[in-house]
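>>> need a 3D model of the following:
(one chain, ligands or ions: 1)
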Amino acid sequence: MNNKILDGKKLADELNLKLQKKIKKAVEKTRVRPKLATILIGEDPASKVYVNIKQRTSSQIGIETILIKLDKNISKENLIKKIKQLNEDNTIHAILLQSPLPKELINETPAFLAQISPDKDADGLTPLNRGKLFDYNEELAPCTPKGIITLLEYYNIELKSKDVVIINRSNLVGKPLIFLLLKRNATVSICHTSTKNIDRYIKDADILIVAVRKPNFITKEMIKEGVVIIDVGINRLEGKLCGDVDFEGVIDKCSKITPVPGGIGPLTVSFLFQNTFTAYKKQLNLK
Ligand SMILES: NC(=O)c1ccc[n+]([C@@H]2O[C@H](COP(=O)([O-])OP(=O)(O)OC[C@H]3O[C@@H](n4cnc5c(N)ncnc54)[C@H](OP(=O)(O)O)[C@@H]3O)[C@@H](O)[C@H]2O)c1
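Next up, the predicted model:
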């Protein structure tokens, strides 16, 4: 079974160690530590957990983080003002607007993201950085898709000419993945709740990427023998973390699979810090 696991935790630890060394070198030269500002609005419990994990890991790597907690009733104007202040603050190198925003603001998310300076865009979600992906420029691309591609490449999983099926069309996962995969010459299909005959797509996939927020959404009967499965989902079932795939059920039939936890999650965090370092280098004109 172990030879089937795509170990995201192991890769993230390796990447974090490399990054820690790069940051140490850069700080020796500049005397400036990379600094990430996270804006957390409201009291979403899952967001609080993610923010805590990120803060813990960042200090190990050598990135300073500040957390800006804002009330869920903050006005649109005041939030934009706060983002602009962070853009203008030279001691802040990267900005993350923690999603999801509270329901009062969620529909305005693109408008808030558009206020973040593209050079400080830790999540790769500003309009400029999203647009750059069209040209296959992934310098500041969203963290989860970057983590997925890096994991597949680390395990030498061929992407060229493969049929990759993504079940998700969100800005954070599915949409950016399209470009990262096309760049590597895969054939990409995107499925969602209005997809007709989704089972047909799933059955044909050489590589299946799932992020639907539903435990056990993918079962053994649905997949092709030898498929590579990337399970992005993070759910809680009977008090335990799990993904969107019936891991125990599919393990004998697939060729490779990411576990949950220990798969894409740690890589998403790692790429947040890679992006923070990229943003820092841009602002300090470092190579
Ligand atoms: N591991 C990580 O680091 C990481 C990072 C980001 C997200 N996640 C996890 O990934 C999951 C998705 O996150 P998200 O922010 O992208 O969520 P989201 O915006 O809710 O997207 C869910 C997607 O799944 C599709 N979907 C849901 N039910 C479906 C069904 N029955 N058949 C076909 N498609 C279906 C939705 O289709 P429609 O568009 O038609 O609604 C949507 O495109 C969550 O569990 C989240 O926690 C994990």
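>>> who touches the residue nearest to E108 when sequence neighbours are not counted in this structure?
Leaving aside its sequence neighbours, E108 sits nearest to K76 (C-beta to C-beta, 6 or more residues apart in numbering; 6.1 Å). In short, each C-beta sits where N, CA and C put it, glycine included. Each residue near K76 by C-beta atoms under 8 Å, 6 or more residues apart in numbering is listed here: L105, E108, A111.
>>> the last one - how many residues pack around it?
The one in question is A111. 12 (other C-beta atoms under 10 Å).
>>> next: the second one.
Using other C-beta under 10 Å, the number of residues around E108 comes to 14.
>>> just to revisit the earlier point, for the residue nearest to E108, phi and psi?
Note on K76: its backbone torsions stand at phi -60, psi -40 [degrees, to the nearest 10].
>>> name the residue of the stretch 1-150 of the chain that lies nearest to the ligand.
T144 (4.1 Å; C-beta to the nearest ligand atom).
>>> nearest spatial neighbour of that residue, skipping sequence neighbours?
Spatial nearest neighbour of T144, excluding adjacent residues (C-beta to C-beta, 6+ apart): T268 at 4.6 Å.
>>> the strand or helix carrying L79 - what's its average pLDDT?
Taking DSSP states H and E as the definition, one finds L79 inside helix 76-88. The pLDDT scores in helix 76-88 average 97.
>>> ok, back up a step: for my notes, confirm the residue of the stretch 1-150 of the chain closest to the ligand occurs in a strand.
No - counting by DSSP: H, G, I helix; E, B strand; the rest coil, T144 is not found in a strand; it is helix.
>>> dump the residue contacts of it.
L172, V173, V232, I264, L267, T268, F271.
>>> equivalent analysis for N171, please.
The contact partners of N171, taken as C-beta under 8 Å, 6+ apart, are L125, R130, P142.
>>> with I207 instead?
By C-beta under 8 Å, 6+ apart, I207 lies in contact with L152, I157, L159, K162, D163, V164, V165, A186, V227, V228, I229, I230.
>>> for the protein, which residues are neighbours of the ligand?
Taking C-beta under 6 Å from any ligand atom as the criterion, the chain approaches the ligand at residues 144, 167-170, 172-174, 191-194, 198, 211-214, 232-234, 264-265, 268.
>>> let's see it at 5 Å
144, 168-170, 172-173, 192-193, 211-213, 232-234, 264-265, 268 (C-beta under 5 Å from any ligand atom).
>>> and those residues, which are buried?
Buried residues within these, counting neighbours by 16 or more other C-beta atoms under 10 Å: 144, 168-169, 172-173, 211-212, 232-234, 264-265, 268.
>>> H192 contacts S170, correct?
No - counting by C-beta atoms under 8 Å, H192 stays clear of S170, with 9.2 Å between them.
>>> for the helix of greatest length in the chain, name the packing helices and strands.
When the chain is parsed with DSSP state H, its longest helix is helix 8-30. The contact analysis (3 or more C-beta pairs under 8 Å, 6 or more residues apart in numbering; DSSP states H and E) places helix 8-30 against helix 45-61, helix 143-154, helix 264-283.
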